[in-house]
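>>> Turn this into a model:
(8 chains, ligands or ions: 12)
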Protein chains: 8
Amino acid sequence: GFAKLDHHRQERTGFPEVVFGEGKTVEQLIVILKRLVKTNKSVLATRIAPEKAEVILQELPYFSYQATARALYSKTQELPLVRSNGYIAVVCAGTSDLAVAEEAAVTAEVFGCEVQRVYDVGVAGIHRLFENLDTIKSASASIVVAGMEGALASVLGGLVDHPVFAVPTSVGYGANFEGMSALLSMLNACAPGISVVNIDNGFGAGYNATLIQRITEKQVKV
Amino acid sequence: GFAKLDHHRQERTGFPEVVFGEGKTVEQLIVILKRLVKTNKSVLATRIAPEKAEVILQELPYFSYQATARALYSKTQELPLVRSNGYIAVVCAGTSDLAVAEEAAVTAEVFGCEVQRVYDVGVAGIHRLFENLDTIKSASASIVVAGMEGALASVLGGLVDHPVFAVPTSVGYGANFEGMSALLSMLNACAPGISVVNIDNGFGAGYNATLIQRITEKQVKV
Amino acid sequence: GFAKLDHHRQERTGFPEVVFGEGKTVEQLIVILKRLVKTNKSVLATRIAPEKAEVILQELPYFSYQATARALYSKTQELPLVRSNGYIAVVCAGTSDLAVAEEAAVTAEVFGCEVQRVYDVGVAGIHRLFENLDTIKSASASIVVAGMEGALASVLGGLVDHPVFAVPTSVGYGANFEGMSALLSMLNACAPGISVVNIDNGFGAGYNATLIQRITEKQVKV
Amino acid sequence: GFAKLDHHRQERTGFPEVVFGEGKTVEQLIVILKRLVKTNKSVLATRIAPEKAEVILQELPYFSYQATARALYSKTQELPLVRSNGYIAVVCAGTSDLAVAEEAAVTAEVFGCEVQRVYDVGVAGIHRLFENLDTIKSASASIVVAGMEGALASVLGGLVDHPVFAVPTSVGYGANFEGMSALLSMLNACAPGISVVNIDNGFGAGYNATLIQRITEKQVKV
Amino acid sequence: GFAKLDHHRQERTGFPEVVFGEGKTVEQLIVILKRLVKTNKSVLATRIAPEKAEVILQELPYFSYQATARALYSKTQELPLVRSNGYIAVVCAGTSDLAVAEEAAVTAEVFGCEVQRVYDVGVAGIHRLFENLDTIKSASASIVVAGMEGALASVLGGLVDHPVFAVPTSVGYGANFEGMSALLSMLNACAPGISVVNIDNGFGAGYNATLIQRITEKQVKV
Amino acid sequence: GFAKLDHHRQERTGFPEVVFGEGKTVEQLIVILKRLVKTNKSVLATRIAPEKAEVILQELPYFSYQATARALYSKTQELPLVRSNGYIAVVCAGTSDLAVAEEAAVTAEVFGCEVQRVYDVGVAGIHRLFENLDTIKSASASIVVAGMEGALASVLGGLVDHPVFAVPTSVGYGANFEGMSALLSMLNACAPGISVVNIDNGFGAGYNATLIQRITEKQVKV
Amino acid sequence: GFAKLDHHRQERTGFPEVVFGEGKTVEQLIVILKRLVKTNKSVLATRIAPEKAEVILQELPYFSYQATARALYSKTQELPLVRSNGYIAVVCAGTSDLAVAEEAAVTAEVFGCEVQRVYDVGVAGIHRLFENLDTIKSASASIVVAGMEGALASVLGGLVDHPVFAVPTSVGYGANFEGMSALLSMLNACAPGISVVNIDNGFGAGYNATLIQRITEKQVKV
Amino acid sequence: GFAKLDHHRQERTGFPEVVFGEGKTVEQLIVILKRLVKTNKSVLATRIAPEKAEVILQELPYFSYQATARALYSKTQELPLVRSNGYIAVVCAGTSDLAVAEEAAVTAEVFGCEVQRVYDVGVAGIHRLFENLDTIKSASASIVVAGMEGALASVLGGLVDHPVFAVPTSVGYGANFEGMSALLSMLNACAPGISVVNIDNGFGAGYNATLIQRITEKQVKV
Ligand SMILES: Nc1ncnc2c1ncn2[C@@H]1O[C@H](COP(=O)(O)O)[C@@H](O)[C@H]1O
Ligand SMILES: Nc1ncnc2c1ncn2[C@@H]1O[C@H](COP(=O)(O)O)[C@@H](O)[C@H]1O
Ligand SMILES: Nc1ncnc2c1ncn2[C@@H]1O[C@H](COP(=O)(O)O)[C@@H](O)[C@H]1O
Ligand SMILES: Nc1ncnc2c1ncn2[C@@H]1O[C@H](COP(=O)(O)O)[C@@H](O)[C@H]1O
Ligand SMILES: [Mg+2]
Ligand SMILES: [Mg+2]
Ligand SMILES: [Mg+2]
Ligand SMILES: [Mg+2]
Ligand SMILES: [Mg+2]
Ligand SMILES: [Mg+2]
Ligand SMILES: [Mg+2]
Ligand SMILES: [Mg+2]
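Numbering: from 1, shown residues only, chains lettered A, B, ... in the order given. Ligands and ions are numbered 1, 2, ... in the order given. As a prediction, the model looks like this:
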């Protein structure tokens, strides 16, 4: 067939294959989701346009759709994949970064993590960040979502003692070059403890932060 | 003076300021290191050329120098900053990536982590990776150091259940464009659970992996 | 007229001129195809949108259209241009690379080659590649089609003893930069025996692999 | 001759032509400086390497050399070109940005401005900026000099009510791409009131800030 | 909520937060504008498409819309934010730069500045610039808006004694690369006294020039 | 008004201002064309979309429209601007380059030059070029229009003894990067006697070749 | 140890691991070469600077050094790896491309192939290519080595019926951007049957052509 | 041998092959120059470093060397290749552009053209250009050599009625990107009648202008 699903993935990496919705037809998506749901507790598809979601939900009514995140998911009643007392802070710079921030948040939530959202705290009005700093500092890991010059990642990196996953967004124009400015900015952050995922890749950051949450859980068990 | 050392940093982030040696004179470095050593248990300076190291070591004989990593450091007899049963796997693709891999390894070790080195296992002879896979899978976090096309990060990302920090190196020529090819490759990795630091930034990856080790430790204490 | 068809091409290169459909009107295409069909056994036009194909097929009913590949072709009953016992392996990383992979496959088939398709075997779940490795190893030449970080080319290059033609695709987003990441990745492949064609140029890879098949045939005749 | 000095410039723009030293021979520089000194009160040459400066100073002993800034200048006893009660704040992120910061500071000083230096206050330890904020806020204009991700410009831009001139430096490595990351970052600053000059162009920022100081002076006279 | 408005901004920087309209829904915009209007004398939103403006104006009839500038604003009867006898010259190279030039002009006007427009005076017919030079020379600050090769900034920079804010526009095609040519041109201007804002960022230039006007005002008060 | 027409231009440069149609409204175009027609013998507007042309032609029926070239023009009955016995060769590589080639040809013709078109002679079938070489060699100047790798310019440059103006086109895909490949190729041509205009700038090449034709005419008069 | 040699490689790919000399010390090279020579008939190291070669040859006198190609190799008396009646044509555009062309030629020869060299036949004087065309046409595969605009690849691709491997070189200056112009040119070649390796990668092309020669051999045996 | 000189070139293009000195050894150069001098009246080699020139001049004393232009040439007593009453204007922006300007001037002179040099007239002090405008306007063709933002080409293009050949130079720093800013600027010049050669390619512009001079001559003969 057209798709060889990676059914071993949860065994190897702890989490099932996540479907990348962009460029797949509704028909392909339905086939794939049906197959994944059979063998996995939490099934997630990202980058699903609202029009596609509508059709899929009619066929697969046990799925939910989060429109801002463009995420489609199904969670079983069973125990979540991650069980931890900690939470992940998802921090974003401006209102326009919401879609990416939500993709990160929903990814983590679908896999069982708790998420605290701290939105619209970009450095142009840096007091907004400081007002929310305690929430962020107490997280197990932070996700920083920012476009334009992406300075928020550097500032935050210097203030917390946990891993920061930075997501450059394509928000901006002109010399932003589709997210290039935020990407380079974050890769060159002068504060340590920051690592970077692809432009607009909320999923990637959510997944990485989830791995961190999992570590806290493993330790609990030991 | 010319430098405002960040003495609060350990308090805020858990680790002292690390000195970036490139572009600093031997005189500046000696002043800075002397000041840092007074208030911190583990002092690390990266990107120190051998010629500089020689002079500094005569002035500051309680420092050690690791030549491949170009790292200068001093550790006190006291408890290390990180105390964990786990270890970090530092994996590199080829012999030419050694300097960057060692910068990562030494960073983690100076802060108290155990490191397992798995070197020269690039994908052109992928059996070499599989032969060492158990060592890597049992780590708390992996660091993947690779130049050229950086494919090793993607392959490894699909095989482990812990966070992978990818370091693109500037090893290569032509359309490598000083590390651009490995950087883009790693940012676009089709396997999840990978995040990326700057080209040749072994320090950054070592620091991030150290943060992960610290989480395992925190949990132990709880 | 507006087009000077290269009627000598088959004589010089062994294969007739192939029509590049993008940017040509339906009227231009019909004129060109009619003229080519008079003097060539196998006529192929690539990058033909479905809407255009529909109109052309009504005018030229002896043509066939392969929708995924966006290829329009006509083959005579006579002997194919290539006669060989071997086959070409067309390997792709993900479902989204299908269109480019099919352009490669159809190009080779129109000229008389046998093709084995090995699809959706990207390195994020590398066992899928190993499960299909025998099929690939027995081919005379492989075509590897991959977007994102294009790591599949390097991995395969280290495993086979025949020429590998790598096709970067524009599948991906963000720091993919319209296929740039896969292109650079493949040009910098650490495994030898790989050569690269333009981004999304399935036709080019199919043509090159066909030349290889032809060599096996020439030898047979000698 | 090889150089057509712009003797009208002070008349048109308020300030004499400043000599760009890079790529000029010592002989050319001496000829040019001698001619400029005849008709101008303040003569400035930038990008003068120490070796060149030494030779020139022997020939033109009434010139001074500032080594960090690589600037050579001569000021008459007469009234300075700018007379203002205000001052310019020159702020830089790290020790490695000193040369560029000093070029900015010296440019402003040669033309008669008062300068306050606030160095090594990068965002990785943002409290250092806040400790010096009053000095910066009371300036007529700020110059922000930063390499790597250049985040300092955005943060400062949101905190002051005067024009900020941002100078990206080429300090950094890897995905810094010779200052590209800081340049793009500053052009995309999410705080308003920031404008940008060329990478490492301390002179340009010093000149612009001097124009601001001049406005405050003009007003005083009115 | 989704937006944390920066109500302190006028206190810190002298001017209220300006709304960036691109990527915000009409609903979001109405909420934000209503909140801003309560606490600020002059409220400005940029990058508002005509369709959006129409809907917002029905809800908020005390706003005005300037279509060329795509700017929506509301000014109180009270004293303007800036009170100065001087004016700002907004100079543009061609008819296609009008939208960006008007964004700059309207920004300055909303905050209380007087503006003189000098449009379509690009260097291909340089006499047009000289015919209008007196108007430009008497301004407190100039804004130069130009696409293609952006040469107008350099020429003007050499002719005036006040700060010039250069706005590269994305007007052009081919090797213009979406404004890159004008941006690089302006950053490399051989005349001093020029600083640059982002491509198409009329708002940024208008804001910077307004800061200059404010300085003239402050002095008046002293 | 919004446009300051450059009525002196013919006096200075020998030819009237040519209108760049892209980004201008039909209303603006009609105003401008009416004004130009009053004072110039030959009026030309380029980049006029068919829909716009239709409206303008109803208002200005003495204009003609050439659809492939997207050019609108009006020529008086009087003597043409250029009177020469020679002609210009417009050579293009493929059918997809026609629009740009025609823009070049029509520009030259509107100003009075004779043009010989040699189309679809790209280097993939280089005999087509040789079959038409006599026509090209006898021209006063050649214009070479090519996309993809733009090799035609180098080949032709080595075969003729007159100036060659090379126009890279944006025809192609993938690593063509919107004409970048042909542009760089032509700038690096190993044959001398080639100069380059902007990507897709048929007008620029036509204008330059017209200047050459004019020289032949001047000489005739002497 | 620092290097995990890939001793299985000949088994998998038909040829032993080739040593990339750049960035390896003489000591590392001697260790590696000694180990490889034990288990392989033909040992090749590329990118070996003359100074290094001299030292190695003293230690390993059974190695030979080809200075233009910067290649060090050892071949046993036994049967070569490839046995074929055909030959490979190595074609280069200019004298400055010699080093890369020779790296390709020597690679093929070390593995047992016959090579015909056709040098300095760039398209600026295209008759030089035609004078040597018969030699090229009779080859089993061609390697085209060219810098600057790399047009030679396209021209040749349209004239032969075997696979062409194109090697862009970094020969050139300015808009050549270290080989970028030739690379893009070759990737966009309008003639089919061309595939591309990395800039200056003579080895890669030699290896690929050797694979082709091997196919002719396999057939012979059948 | 290593070089296939293009002895037909003068016949085809009117001028002999010019030797590109960069990357050729002194030995290679002597061989080539000796062979060229036998069959050509004017022999020119560009990019010859002073050290190389010294050695060559001892061997070939009938050659002359122009150090600024780095050009080595030999002219016979016979009639020059070009005989025209007109002259070429070589215009440059700053002192640092001299080497490239002289390469252009010497190229034209070696082939028999008269040259007028107008140097250091960059747009920062545009009156210097106007003071020399008559000299430029009376030329048959202009060459404009400029680095940084290259604005001089656009300004001049709008003032003359003959072809302008623009040479971007790599003079500048930072966002100049090795001449990229001037190159893009000149390709996007808003004035028509400008065509561009490679960065620093003085030779190319000199050759093109020589072709123009030749046309004026041809006409004279007719
Ligand atoms: N939004 C996303 N961005 C990047 N990668 C994703 C995203 N969503 C899913 N993936 C990855 O894409 C892979 C699936 O690709 P596919 O086989 O095309 O569905 C999975 O292995 C995921 O790790
Ligand atoms: N090799 C390295 N690469 C990137 N950043 C580093 C490196 N070594 C130290 N740093 C960071 O550089 C900062 C110190 O910079 P500086 O003030 O210039 O010494 C510290 O905060 C470190 O986090
Ligand atoms: N999909 C394709 N990608 C790249 N080149 C192609 C493709 N299809 C056909 N071609 C080439 O394009 C040339 C024809 O171009 P044209 O004259 O525009 O039809 C032929 O010589 C083919 O080698
Ligand atoms: N300075 C230069 N820049 C670019 N091309 C040049 C230069 N000097 C000579 N050439 C060209 O280089 C070709 C000679 O190259 P080569 O065979 O390497 O000597 C000649 O055809 C000239 O047209
Ligand atoms: Mg906000
Ligand atoms: Mg190895
Ligand atoms: Mg898949
Ligand atoms: Mg510091
Ligand atoms: Mg105009
Ligand atoms: Mg064709
Ligand atoms: Mg040659
Ligand atoms: Mg000067």
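>>> ok, which stretches of chain A are helices?
Along chain A, the segments classed as helices by DSSP state H run A:9-13, A:26-39, A:50-59, A:98-110, A:127-131, A:133-137, A:151-157, A:180-187, A:202-221.
>>> ok, the closest residue to A:Gly157 other than its chain neighbours to D:Ile126 distance?
The shortest distance from A:Gly157 to any non-neighbouring residue, by CB to CB, 6 or more residues apart in numbering or on different chains, is to A:Ala191 (3.2 Å). Quick note: C-beta positions are derived from backbone N, CA and C, even for glycine. For A:Ala191, the distance to D:Ile126 equals 9 Å [CB to CB, to the nearest Å].
>>> Indicate the residue of chain A located nearest to ligand 8.
A:Cys190 (8.3 Å; CB to the ion).
>>> can you count the residues close to that residue?
24 (other CB atoms under 10 Å in any protein chain shown).
>>> Equivalent analysis for A:Ala67, please.
Counted with other CB under 10 Å, residues neighbouring A:Ala67 total 12.
>>> do you know how far A:Leu187 is from G:Ala105?
Noted for A:Leu187: a distance of 40 Å to G:Ala105, by CB to CB.
>>> just A:Arg35 next, same as before
From A:Arg35 over to G:Ala105 (counting by CB to CB), the distance is 52 Å.
>>> who's more crowded, those two?
Taking other CB under 10 Å, A:Arg35 and G:Ala105 do not tie; G:Ala105 has more neighbours (30 against 15).
>>> what's near enough to touch the more buried one?
The neighbourhood of G:Ala105, defined by CB atoms under 8 Å, 6 or more residues apart in numbering or on different chains, consists of G:69, G:88, G:90, G:115, G:117, G:143, G:202, G:206.
>>> Touching, A:Arg128 and E:Lys4? I think so.
Yes - the criterion here is CB atoms under 8 Å, and A:Arg128 meets it with E:Lys4 at 5.0 Å.
>>> Now the common contact residues for the two.
By the contact definition CB under 8 Å, 6+ apart, A:Arg128 and E:Lys4 are jointly contacted by A:120-121.
>>> Apart from its neighbours in sequence, what residue is nearest A:Val155?
What sits nearest to A:Val155 in space, not counting adjacent residues and going by CB to CB, 6+ apart, is D:Val123, at 5.0 Å.
>>> quick one on the thing from earlier: now, which of the contacts of G:Ala105 sits nearest chain D?
Checking those against chain D with CB to the nearest CB, the nearest one is G:Gly202 at 27.8 Å.
>>> what's the neighbour count on A:Asn188?
Counted with other CB under 10 Å, A:Asn188 comes out at 30.
>>> Also A:Glu11?
For A:Glu11, using other CB under 10 Å, the count is 9.
>>> again, but for A:Asn198
29.
>>> repeat for A:Thr169
29.
>>> ok, it to ligand 10 distance?
Per CB to the ion, to the nearest Å, A:Thr169 is found 43 Å from ligand 10.
>>> which residues does the residue nearest to that residue when sequence neighbours are not counted contact?
Among residues not flanking A:Thr169 along the chain, A:Gly147 sits closest, at 3.8 Å (CB to CB, 6+ apart). Neighbouring residues of A:Gly147 by CB under 8 Å, 6+ apart: A:93-94, A:96-97, A:168-172, A:176, A:179, A:182.
>>> so what pLDDT did A:Gly147 get?
pLDDT for A:Gly147: 96.
>>> List the residue ranges of chain A that fall below the pLDDT cut-off.
A:1, A:77-79, A:218-222 (pLDDT under 70).
>>> Spatially central residue in it, please.
A:Ala104 (1.7 Å; CA atoms, centre = their mean).
>>> thought it was touching A:Val144?
No - judged on CB under 8 Å, A:Ala104 makes no contact with A:Val144 at a distance of 9.8 Å.
>>> OK, now which residue of chain A is nearest to chain C?
A:Ile199 (3.0 Å).
>>> from what I can see that residue touches C:Ala175, true?
Yes - the criterion here is CB under 8 Å, and A:Ile199 meets it with C:Ala175 at 5.5 Å.
>>> my guess is A:Gln28 meets C:Thr95, correct?
Yes - A:Gln28 lies in contact with C:Thr95 (CB under 8 Å); the separation is 6.6 Å.
>>> Between the two, tell me which one has more neighbours.
Remark: of A:Gln28 and C:Thr95, C:Thr95 carries more neighbours, 21 against 18, as counted by other CB under 10 Å.
>>> now that one: how far from A:Leu29?
Counting by CB to CB, the gap from C:Thr95 to A:Leu29 is 10 Å.
>>> who's A:Leu72 bridged to?
Counting by DSSP bridges, A:Leu72 is bridged to A:Ala45, A:Tyr65.
>>> Can you verify my assumption that it contacts A:Ala49?
No - if you go by CB under 8 Å, A:Leu72 and A:Ala49 don't touch, sitting 10.3 Å apart.
>>> Next, show the common contact partners of those two.
A:Gly21.
>>> Give the full set of residues in contact with the one residue in chain A that gets nearest to ligand 12.
In chain A, the residue that lies nearest ligand 12 is A:Ala175 (29.0 Å; CB to the ion). The contact partners of A:Ala175, by CB under 8 Å, 6+ apart, come to A:181, D:183-184, D:187-188, E:179, E:183, E:198-199.
>>> Skipping adjacent residues, who's closest to it in space?
Nearest non-adjacent residue to A:Ala175 (CB to CB, 6+ apart): D:Leu187, at 4.2 Å.
>>> Tell me the spacing between the one you found and A:Asn176.
8 Å.
>>> More neighbours: which of those two?
Each of D:Leu187 and A:Asn176 has its neighbours counted (other CB under 10 Å); D:Leu187 has more, 31 against 24.
>>> interface residues of chain A facing ligand 1?
A:17-20, A:46-47, A:201, A:203-204 (CB under 6 Å from any ligand atom).
>>> what's A:Ser142 in contact with, if anything?
A:88-91, A:136, A:156, A:160, A:162-165, A:209.
>>> Pull out whichever of those residues are also neighbours of chain G.
Near chain G, judged by CB under 8 Å from any CB of the partner chain, there are no entries from the contacts of A:Ser142.
>>> Please narrow the residues you listed to those residing in strands.
Judged by DSSP state E, strands contain the following of those: A:88-91, A:164-165.
>>> Next one: the closest residue to ligand 2 within chain A relative to ligand 3, how far apart?
Residue nearest to ligand 2 within chain A: A:Pro192 (3.9 Å; CB to the nearest ligand atom). From A:Pro192 over to ligand 3 the distance is 46 Å, taken as CB to the nearest ligand atom, to the nearest Å.
>>> The closest residue to that residue other than its chain neighbours: neighbour count?
Leaving aside its chain neighbours, A:Pro192 sits nearest to B:Tyr207 (4.4 Å; criterion: CB to CB, 6+ apart). B:Tyr207 is flanked by 26 other residues according to other CB under 10 Å.
>>> can you check A:His8 too?
A:His8, neighbours per other CB under 10 Å, totals 13.
>>> how much space is there between the nearest residue in space to A:Arg9 that is not next to it in sequence and ligand 10?
Counting by CB to CB, 6+ apart, A:Arg9 lies nearest to A:Glu17, which is 4.8 Å off, once chain neighbours are set aside. A:Glu17 sits 44 Å away from ligand 10, going by CB to the ion.
>>> With A:Leu57 instead?
Distance, A:Leu57 to ligand 10, by CB to the ion: 49 Å.
>>> Now do the contacts for that residue.
Each residue near A:Leu57 by CB under 8 Å, 6+ apart is listed here: A:63, A:65, A:72.
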